[in-house]
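Chemist: after the sequence you'll find the predicted model.
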Amino acid sequence: MHLGKRSILDGIGLALAGNAAESGRIVRAYLGTLGVPTDAGCTVIGTNLKVPARFAAFANGIAMHADDYDDTQLAVAKDRVYGLLTHPTAPALPPVLALGELGNRSGLDVLTAYQVAVEVETKISEAINPRHYDHGFHSTATIGAIAAAAGAARMLRLNTEQTRRALGIGASQSAGLRENFGTMTKPFHPGRSAESGVVAAEFARLGWTATPIVLEAGRGFFQAAGGGYDRAAIESKLGKPWTFAFPGVSIKPHPSGSLTHPGMGLMLDLIRRHDIRPGEVVKVKVGTNRHMPNALIHHRPANELQAKFSMEFCMAILLLERKAGLAEFTDAVVNRPDVRRMIEKVDFGVHPEAEAAGYEKMTTLIEIELADGRRISGRADFGKGSPANPMSDDELAGKFRECAAWGKLPKAGADRVVEKVLSLEKLKSVRELTRLLAIGPTRKRR
């Protein structure tokens, strides 16, 4: 329960920050064209808009993923490439939060439905053949739609038959391609998944029909989207153990693709331990398994979104600034002359030691060549924020406050949100929380 609340707090903070992004401005403009009330319904976090549940889930799902700062599912099996797994909170939390606010449900109801959605999402991700991700599907988008349907079905108190149909409707809305990484369409994916889940559950409640065996059927999700699945990875595994308990969920310390994080943590440690100065750096070699360059595709990024999927930028900005937060991932910083020059010194590719370590890890090896001839090196399998090296509750609250300030939520309001989320199971109405998340017009990203 506590681990789930940590990820909920993280997701809400990211929605506050994400609605300050340019994508947030576009979403708000789009909502204004729909002809639906924008002053009644469910909260678009970080704004003064209240819209129907499906559109609140859509907007909040986009915002939670806008900065690619959201949590990441850990893998169990060695063939479970990290990118194949999901960002669990972005598609799972928005539908249950919106429907909880709409139905004036308790904090415990919301927390339970969120856990159900995450569990469905992560276990499906563990089971589907790796081909799903390798061939271009974005699992946060595709599997997220099914997870969102599960969470929404729980919030609407659907019975077993209705829930099966909701999953069938959700799976038929499953979509999202990795080619869109580094663009606004990547966060669009969990937004649409979150909305699809609400739509699926609402239609199922009204009597809409769908197959009750959408995952395992011969023409179902596992076969069509992945070419098959590992039955042993999902059968009798739901809640046994809960994913939050094992293998866990990783919370990001930097607003970039999770595959950059072990290397970023290692680089920061090497910089501090050896007091490395930018002018000393001649060359940096970064080696990973073969799947990581397949996701970190922007070797010479031109904007902040591409920089999130650039190992070269992430190494360069740490060497120059010794930090990499929201303020560092902006178009202006990415295109600074000193950043461009440092990026040219970073060589990123496959390393046999990382390849042999197993794909359930994000093994990263770094070697830094300095002007005086020294070579400084290290290896990391996991990054800060993973269960192996978790953020403390205080560190997590610090990240939340950074995001809240970026989204212009006053400090007093941020402190109250932290208090409410960490005692979520005690709230008689989740509206005690959502009313704190509705604030005035947000700024454009610098």
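Modeler: Happy to help now that I have it.

Chemist: who are the contact partners of the spatially closest residue to A388 that is not a sequence neighbour?
Modeler: The shortest distance from A388 to any non-neighbouring residue, by C-beta to C-beta, 6 or more residues apart in numbering, is to F382 (4.6 Å). The way it works is simple: take the backbone N, C-alpha and C, and place the C-beta from them, glycine included. By C-beta atoms under 8 Å, 6 or more residues apart in numbering, F382 lies in contact with S250, P262, K361, M362, A388, N389.

Chemist: not counting residues beside it along the chain, what's closest to the first one?
Modeler: The shortest distance from S250 to any non-neighbouring residue, by C-beta to C-beta, 6+ apart, is to S386 (4.2 Å).

Chemist: and that neighbour, that one's in a helix?
Modeler: No. Under DSSP: H, G, I helix; E, B strand; the rest coil, S386 falls outside any helix and is assigned coil.

Chemist: and it, how many residues sit next to it?
Modeler: Around S386 there are 24 other residues, counting by other C-beta atoms under 10 Å.

Chemist: how close does the nearest residue to G257 once chain neighbours are set aside get to E367?
Modeler: Spatial nearest neighbour of G257, chain neighbours left out: F309 (5.0 Å); criterion: C-beta to C-beta, 6+ apart. Distance of F309 to E367, given as C-beta to C-beta, to the nearest Å: 22 Å.

Chemist: and stretch 368-385, how far out from the chain's middle?
Modeler: 27 Å (C-alpha atoms, centre = their mean, to the nearest Å).

Chemist: export it as PDB, just CAs?
Modeler: C-alpha atoms of stretch 368-385 as PDB (Å, rounded to 0.1, in the frame of the first residue of the first chain):
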ATOM      1  CA  ILE A 368      36.000   8.600 -19.200                       C
ATOM      2  CA  GLU A 369      39.300   9.700 -20.800                       C
ATOM      3  CA  LEU A 370      40.800  12.900 -19.400                       C
ATOM      4  CA  ALA A 371      43.400  15.300 -20.800                       C
ATOM      5  CA  ASP A 372      46.000  14.200 -18.300                       C
ATOM      6  CA  GLY A 373      45.900  10.600 -19.500                       C
ATOM      7  CA  ARG A 374      43.700   9.200 -16.700                       C
ATOM      8  CA  ARG A 375      40.900   6.800 -17.500                       C
ATOM      9  CA  ILE A 376      38.100   6.600 -15.000                       C
ATOM     10  CA  SER A 377      35.500   3.800 -15.400                       C
ATOM     11  CA  GLY A 378      32.600   2.100 -13.600                       C
ATOM     12  CA  ARG A 379      29.600  -0.100 -14.000                       C
ATOM     13  CA  ALA A 380      26.000   0.100 -12.900                       C
ATOM     14  CA  ASP A 381      23.100  -2.300 -13.300                       C
ATOM     15  CA  PHE A 382      20.300  -0.200 -11.800                       C
ATOM     16  CA  GLY A 383      19.800   3.500 -11.200                       C
ATOM     17  CA  LYS A 384      18.800   5.600  -8.200                       C
ATOM     18  CA  GLY A 385      15.100   5.200  -7.500                       C
END
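
Chemist: mind checking what helix or strand follows the helix or strand hosting R340 in sequence?
Modeler: Using DSSP states H and E, R340 sits in helix 337-343. Next in sequence after helix 337-343, counting helices and strands by DSSP H and E, comes strand 346-350.

Chemist: just the C-alphas of that next one, formatted as CSV.
Modeler: What follows is strand 346-350, C-alpha atoms only, in CSV (Å, rounded to 0.1, in the frame of the first residue of the first chain):
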residue,chain,number,x,y,z
VAL,A,346,30.3,10.8,-26.1
ASP,A,347,30.5,7.5,-27.9
PHE,A,348,27.4,5.3,-27.1
GLY,A,349,27.1,1.6,-28.2
VAL,A,350,26.9,-2.0,-27.3
